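In: how would this look folded up:
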Amino acid sequence: YTIQNNNSEILNQNEKILVYVLTFNIQGGMPSEEEIPLLFPKKEKIEKFDIFVINTQECLRSIGASFFVDSKETWIEALTSFFGEKYMNLINSNLGALHISIFIKKEKATYFSELRSGDIKTGFLNIMANKGAVSTSMKYYDKHILFVCCHLAAGQEKEFERNEDL
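Out: Numbers count the residues shown, from 1 in each chain. Purely as a prediction, here's the structure:
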């Protein structure tokens, strides 16, 4: 099954893509320039991945501080620098201390469409953003893809609450 892009290039819609997914509770901080590479494959293996999905909890600041400032600009800039020229930041979504960021190979950018993001709060009375989920969805050719990043109730005894929130 093939389609043509604007340059009349024939493309295979069944082409496989390799996705790297990372979830990381940063505990109110940010990895240093030296630590960021430790989160990903070695530099020589990075380019085999088409999509990087970076899910973080408590990114840059604590949950409480994120109520007032939830920007993740510094984190996105650090990731952009790490991935370099061959990748681009496709979409980001925030909810308090939660963040999801997706980077893709620039050469595949024209095949992504229908970018959407959303969130749901599961903190106190489902109105507090201290717990919950953020999501991003997109279309790659004609395939829909959804990624979700959660930060739910902590502790072994909170299994029921986590399952309810999910």
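In: where exactly do the helices run in the protein?
Out: Taking DSSP state H, the helices of the chain run over residues 43-46, 63-66, 73-83, 159-165.
In: From the contact counts, what lies against the last one?
Out: Spelled out, it's helix 159-165. Counting contacts by 3 or more C-beta pairs under 8 Å, 6 or more residues apart in numbering; DSSP states H and E, helix 159-165 is packed against no other helix or strand. Every C-beta, even on glycine, is put in place using the N, C-alpha and C of the backbone.
In: which parts of that helix are buried?
Out: For helix 159-165, the neighbour count (16 or more other C-beta atoms under 10 Å) marks D165 as buried.
In: distance between that helix and the chain's centre?
Out: For helix 159-165, the distance from its own C-alpha centre to the chain's C-alpha centre is 23 Å (C-alpha atoms, centre = their mean, to the nearest Å).
In: Same question for the longest one.
Out: Average the C-alpha atoms of helix 73-83, do the same for its chain, and the two points are 13 Å apart (C-alpha atoms, centre = their mean).
In: Pull the contacting residues for Y20.
Out: By C-beta atoms under 8 Å, 6 or more residues apart in numbering, Y20 lies in contact with F40, P41, F49, I51, F52, V53.
In: among the helices of the chain, where is the model least confident on average?
Out: Among those, helix 63-66 carries the lowest mean pLDDT, a mean of 52.
In: The helices of the chain: which one's closest to Y140?
Out: Proximity to Y140 (C-beta to C-beta) singles out helix 73-83 among the helices of the chain, at 18.3 Å.
In: Show me what the closest one packs onto, helices and strands only.
Out: Identification of packing neighbours for helix 73-83 by 3+ C-beta pairs under 8 Å, 6+ apart yields strand 51-57, strand 87-95, strand 98-105.
In: buried sites along it?
Out: Quick answer for helix 73-83 (16+ other C-beta under 10 Å): W75, I76, A78, L79, F82, F83.
In: where's the second one relative to S117, distance?
Out: In this structure, I76 lies at 14 Å from S117, with C-beta to C-beta, to the nearest Å as the measure.
In: which residues are in contact with both of the two?
Out: Common neighbours of I76 and S117, using C-beta under 8 Å, 6+ apart, are N92.
In: Need the helices of the chain in TSV (columns: distance to I145).
Out: Below are the helices of the chain laid out as TSV (distance: least, C-beta to C-beta, whole Å):
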stretch	distance to I145
helix 43-46	20
helix 63-66	27
helix 73-83	19
helix 159-165	23
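In: if we can go back for a sec, most neighbours among the contacts of Y20, which one?
Out: The most neighbours of any of the contacts of Y20, using other C-beta atoms under 10 Å, belong to F52, which has 25 neighbours.
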